[in-house]
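In: What would the 3D arrangement of this be:
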Amino acid sequence: MSQLLIRLSKLSSRNNNVFIHKCVRLFSTGPYLTLGTRVQEVLPSGCKTGDVLLFDPAKEEIVTLQGKTIPKELKDEELIGASHGWSFFYDRSDRTVRISDIFNPFASKSNPTVIPLPRLTDLPCEQIEQVCNVAMSSSSPLGDEDCVVAIKFSGRQLSLCKLGRDLEWSNILTTSHCCENSYVMYSKIYKRLYLLSRGGNHLLSYHLNSTTYVNPKHDELVYRDHPELDQSEWEILSLCSRREYLVESSSSDERYVVKWYAHGSYSSVLNGIDYKTKRFMVFSVEETTEGKFMCYTEDLGDMCIFIASNEAFCIPASSCPGLKPSTIYFMGHGFGSYDLTTGDTHQFEAPGGIITTPYWLPPFSM
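Out: Numbers count the residues shown, from 1 in each chain. As a prediction, the model looks like this:
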């Protein structure tokens, strides 16, 4: 877990008025961002004990889960993604994948759940062993033999495994090169895995009842509306890096396509490109007598969206005091929130420096 852990020795004085340490003693939580762990002790068994650190975007505080045991199975593994609050770890030396609830505030402190998955098989020679994101078809992998885990790699490979049934991964080379760096999303409504193409004009999907995954469904997305911007603004956006995400509401059948525009410039501090978020655009699916269209919107009602290198999700803002409706909480090209109604960006200050393994986790409950 050495690549996962961010040893936050202490918060600087300039952060002390922004980030507050607290212990969780609640029956439900809001969404959190993973920050890592702070090791306190190495046990003779090979396990470690320490604090799990999370970020609460509603209060802009650090949440500390004290006295957590870090299983020895995870000590040298890399955090590669999160789905439904479960974290996915990968050991590059033997290609082992494990799922754990170590970041769940209500999980066992002394014995976190660790679920081993089959070892990943070798990637085709042209593929890059870099994970875009992971997705899971169930809110919990425990006791659900129909739960499917999906890992999307950079490039065309999508690897699937049905927990409790499959002894090896099913590797798929997606049929479209435009999905090479796409994020995978599972739809509870349609029981399918979706990949959104670059530019957001096509959807590729696989039904989980399939045994071969050789005949994916292709859908073309037609965009009817766009925001009214000056030509100069469109020119600025044309120079930006852009990412597209497909998001499904947790409480309704609403689906959204989110386009994230960020402008990059060289930073001598980072010795690389520093990206600043310029704009988000959100399009909702609307059915008309002429067919389905993607319609631009700045009003998500009570919903807010969470985007990072995890399976994107959206929840009602009213479910967690402090969250703002029609707002996107983001981590990647910057760290903050974006108000769709005003276009204003609020930057969060990264605690203890650069966050290397940030994934949003949906609210937890007992």
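
In: gap between stretch 245-264 and the chain center?
Out: Between the centre of stretch 245-264 and the centre of its chain there are 12 Å (Cα atoms, centre = their mean, to the nearest Å).

In: would you put the C-alpha positions of it in PDB?
Out: Extracted C-alpha coordinates of stretch 245-264, given in PDB (Å, rounded to 0.1, in the frame of the first residue of the first chain):
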ATOM      1  CA  TYR A 245     -18.500  11.600 -18.200                       C
ATOM      2  CA  LEU A 246     -21.700   9.800 -18.100                       C
ATOM      3  CA  VAL A 247     -23.600  10.100 -14.800                       C
ATOM      4  CA  GLU A 248     -26.800   8.500 -13.600                       C
ATOM      5  CA  SER A 249     -28.900   9.800 -10.800                       C
ATOM      6  CA  SER A 250     -29.000   7.700  -7.600                       C
ATOM      7  CA  SER A 251     -32.700   8.600  -6.900                       C
ATOM      8  CA  SER A 252     -34.300   8.900 -10.400                       C
ATOM      9  CA  ASP A 253     -33.900   7.700 -14.000                       C
ATOM     10  CA  GLU A 254     -32.100  10.900 -15.000                       C
ATOM     11  CA  ARG A 255     -28.800  10.600 -16.900                       C
ATOM     12  CA  TYR A 256     -26.400  13.300 -17.700                       C
ATOM     13  CA  VAL A 257     -23.400  13.800 -20.000                       C
ATOM     14  CA  VAL A 258     -20.800  16.100 -18.300                       C
ATOM     15  CA  LYS A 259     -18.100  17.900 -20.300                       C
ATOM     16  CA  TRP A 260     -15.200  19.300 -18.300                       C
ATOM     17  CA  TYR A 261     -13.000  22.000 -19.900                       C
ATOM     18  CA  ALA A 262      -9.600  22.800 -18.300                       C
ATOM     19  CA  HIS A 263      -6.800  25.000 -19.600                       C
ATOM     20  CA  GLY A 264      -3.300  23.900 -19.100                       C
END
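
In: What residues sit buried inside that stretch?
Out: Going by neighbour count (16 or more other Cβ atoms under 10 Å), the buried part of stretch 245-264 is 245-250, 254-263. For every residue, glycine as well, the C-beta is placed using N, CA and C.

In: who touches the nearest residue to Ser365 once chain neighbours are set aside in this structure?
Out: Distance criterion Cβ to Cβ, 6 or more residues apart in numbering; nearest residue to Ser365, sequence neighbours excluded, is Ser28 at 4.3 Å. If you count contacts by Cβ atoms under 8 Å, 6 or more residues apart in numbering, Ser28 has them with Pro363, Phe364, Ser365, Met366.

In: what are the ranges of the helices in the stretch 101-250 of the chain?
Out: 231-238 (DSSP state H, counting those that start in this stretch).
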